[in-house]
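**Q** Generate coordinates for the sequence data below:
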Amino acid sequence: MAEPIAEPVGIGRRAFLGALGGAAGLALTSGPGSWPRWLGERRYSSLSYNECLQRLDAGLSHGQRAIVIKPWDHPARQITNTVSIFKGPHLATLFDADQLALVERMYETMISQQGKRWLNNTITLEGKLEGCNFAIFSDEPAGSLARSGARAQSMITGGHFMLRKGHVGDTGYALGGPVSYGQQLGNGEFKVKGNAFAAHSDAANRFYQALDERERAVSRVATAPNELLVQAQGRAGVFSGVSLRAVSDASSEAAQELLETVLATYTEGDRADALTSIEANGGLNALSVSFYEDRGFYADGARYADLDPKERAARELPYWQVWRIEGPACVLHFKGSPHVHAYLNVVRDPARQNVGEVLTTAARIVEGGAMRQLMMNALRRETGEALAHCAEDPPGRICPGEVTTGVVYALDPFADRIVVATIAGAAMAPALRTSLQAQGARVSPDKLFRIATVEYLAGQADRFGTPERVDLQERSMRTVLTAYLKDRDLDRDLSGTQRG
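**A** Predicted coordinates:
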């Protein structure tokens, strides 16, 4: 297991904001990180982020600028899935050595020394930084990206991480927007052995240990939602798990340690901004923490969900490898099984978290079953087919307020193509059969059915089945859903459906 950071100093519930100025509760006690050899010579080690951005801006060719610069309100800025945002070339094929060195220094300025240590193996294992993608979201003219007050945000993404830096003044986000981190090490291992981010789950499990029996029972939830369900619900949201408002002082201190450990990845200024945003939306008392029973494990490989109460009582506490912190303006989903995928979204104002063109408005949360129904309605209208099928756990939700194209990009980060699949009842996977029966279809083994779905799902035998043919349609789910939502009355469209 990677060496964890030292035990953080508890900041205390009443002293929460007092930690912001000097980041007292977030002090990193371990020494400076070693410079990764794959970054080569530290050519620009003394430059600030803005100085690097200014030099990079001045040196971009017309062709590079066309690839790298995206409009400020481009809906891709709202995507959280790290591998789906950009289809363009990797850094090594886009930039020369000098430009790459500037981006490498920009990467350094986006995280703390501890964050560099945690992310070093992630980047080294996944093609090094030059194997990642890079973009700048801005409407500023050439040469103006780094000027004071300019709206320009840089994003670096790899297979298991996403970092942002730059203008956040008029956005609804802290940390520049949703960020993510992860690592392949420890795949399938108990406690993700060897994974640098196991320190985060260790802190989460220390919090669970600090809870009393009643609090533990409240914190446990049967199954986890989709890992990309990270849109902030606002103060009217419903949050599963144990509320920090209701736990003991000892448990509250452990929760503070957990939050500090996670935020230790980022710079002191970004940590303070995130904490201020959480405090402005109810503080720690407004957060809840959930542990998922189907992803709690024991050292011998047994799962918590598979044991009866008597067997559980005879064992030590399980180790929770998937858990979640959520409140009105903060979502952290940590998936440590089979390896680490973690998504962190902290917003200043949940009503301003969406980017892109406004399509409609929502009066209530749309997620789970209601979101699935919405997507199937869009599929039916596009194809004219009576039957449709979507995954049971849609990767996003619509929160009250303006619904934008950024919301749609988060729901369909891969721009998956729509298909009409023809499949016999006998060839259907159980999930598809159940879905069709819920739509009123009488599924018999020898009967053929035409089903509107997406290309990826139609290719998953365990989730869909084995179709006789798959007819590719012209448009993507993203395009179809955008057109469907335009000026739509969501309450009327979803009347009678459940939220979850």
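**Q** tell me the contacts of the residue located most distally from the centre of the chain?
**A** Here the chain reaches farthest from its C-alpha mean at Asp446, the gap being 41.7 Å by CA atoms, centre = their mean. Contact analysis of Asp446 by CB atoms under 8 Å, 6 or more residues apart in numbering lists 424-426. Every residue, glycine included, has its C-beta placed from N, CA and C.
**Q** What subset of those residues is buried?
**A** For these, a burial check counting by 16 or more other CB atoms under 10 Å picks out 424-425.
**Q** Using JSON lines, lay out the contacts of Asp446 together with pLDDT.
**A** Putting the contacts of Asp446 into JSON lines (pLDDT from 0 to 100) gives the following:
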{"residue": "Ala424", "pLDDT": "98"}
{"residue": "Gly425", "pLDDT": "97"}
{"residue": "Ala426", "pLDDT": "97"}
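**Q** Just the closest of the contacts of Asp446 to Leu211, please.
**A** Taking CB to CB as the measure, Leu211 lies nearest Gly425 of those, at 47.7 Å.
**Q** Please give me every residue in contact with that closest one.
**A** So Gly425 contacts 433, 443-447, 449 (CB under 8 Å, 6+ apart).
**Q** Just the local confidence number for Gln114, please.
**A** For Gln114, the pLDDT comes out at 96.
**Q** Among the contacts of Asp446, which ones are in strands?
**A** Ala424 (DSSP state E).
**Q** Glu253 - that's part of a helix, no?
**A** Yes: under DSSP: H, G, I helix; E, B strand; the rest coil, Glu253 sits within a helix.
**Q** separation between Leu141 and Lys165?
**A** Let me fix one detail, which is that residue 141 is Pro and not Leu. Counting by CB to CB, to the nearest Å, the separation of Pro141 from Lys165 is 20 Å.
**Q** Kindly apply the preceding question to Leu481 instead.
**A** The separation that Leu481 has from Lys165, given CB to CB, amounts to 30 Å.
**Q** now swap in Val407 and tell me
**A** Distance from Val407 to Lys165, by CB to CB: 24 Å.
**Q** Equivalent analysis for Ile398, please.
**A** 28 Å.
**Q** Of these two, which one has the most company?
**A** The residue with more neighbours, out of Ile398 and Lys165, is Ile398; 28 against 23, by other CB atoms under 10 Å.
**Q** Count residues in the vicinity of the residue lying closest to the more buried one once chain neighbours are set aside, would you?
**A** Closest residue in space to Ile398, ignoring its immediate chain neighbours: Val366 at 4.0 Å, by CB to CB, 6 or more residues apart in numbering. Applying other CB under 10 Å, we find 26 residues neighbouring Val366.
**Q** So Val366 sits against Leu494, correct?
**A** Yes: contact criterion CB atoms under 8 Å: Val366 and Leu494 qualify, at 6.6 Å.
**Q** Overlap of the contact sets of those two?
**A** With CB under 8 Å, 6+ apart as the test, Val366 and Leu494 both reach Leu374.
**Q** Could you report the pLDDT at Arg235?
**A** So, for Arg235, pLDDT stands at 88.
**Q** For it, which residues are in contact?
**A** Counting by CB under 8 Å, 6+ apart, Arg235 touches 281-282, 286, 328, 350.
**Q** Please convert these to TSV, extending it with distance to Gln113, pLDDT and secondary structure.
**A** Compiled in TSV, the contacts of Arg235 are given as follows (distance: CB to CB, whole Å; pLDDT from 0 to 100; DSSP: H, G, I helix; E, B strand; the rest coil):
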residue	distance to Gln113	pLDDT	secondary structure
Asn281	29	95	coil
Gly282	31	95	coil
Ala286	30	97	helix
Pro328	31	96	coil
Pro350	31	89	helix
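**Q** Could you point out which of the residues you listed is nearest to Thr157?
**A** Looking across those and measuring by CB to CB, the closest to Thr157 is Pro350, at 23.8 Å.
**Q** how close does that closest one get to Leu374?
**A** In this view, Pro350 and Leu374 are 20 Å apart by CB to CB.
**Q** same deal with Glu140?
**A** 36 Å.
**Q** ditto for Gln437
**A** For Gln437, the distance to Leu374 equals 20 Å [CB to CB].
**Q** sec struct for the residue sitting nearest the centre point of the chain, please.
**A** Nearest residue to the geometric centre of the chain (CA atoms, centre = their mean): Tyr343, 3.4 Å. When classified by three-state DSSP, Tyr343 comes out as strand.
**Q** wait, isn't it in contact with Leu175?
**A** No: the pair Tyr343 / Leu175 is not scored as a contact, 11.4 Å apart, by CB under 8 Å.
**Q** before we move on, back to that, highest neighbour count among the contacts of Gly425?
**A** Phe449 (22 neighbours).
**Q** buried stuff in the helix or strand hosting that residue?
**A** Assigned by DSSP states H and E, Phe449 belongs to strand 448-454. Neighbour-count burial for strand 448-454, with 16+ other CB under 10 Å as criterion, is recorded at 449-454.
**Q** Could I get the phi/psi values of the residue nearest to Ile398?
**A** When read as degrees, to the nearest 10, the backbone of Val366 gives phi -120, psi 110.
**Q** distance of it from Gln373?
**A** 9 Å.
**Q** related to what we said a few turns ago, more neighbours, Glu140 and Leu374?
**A** Each of Glu140 and Leu374 has its neighbours counted (other CB under 10 Å); Leu374 has more, 24 against 18.
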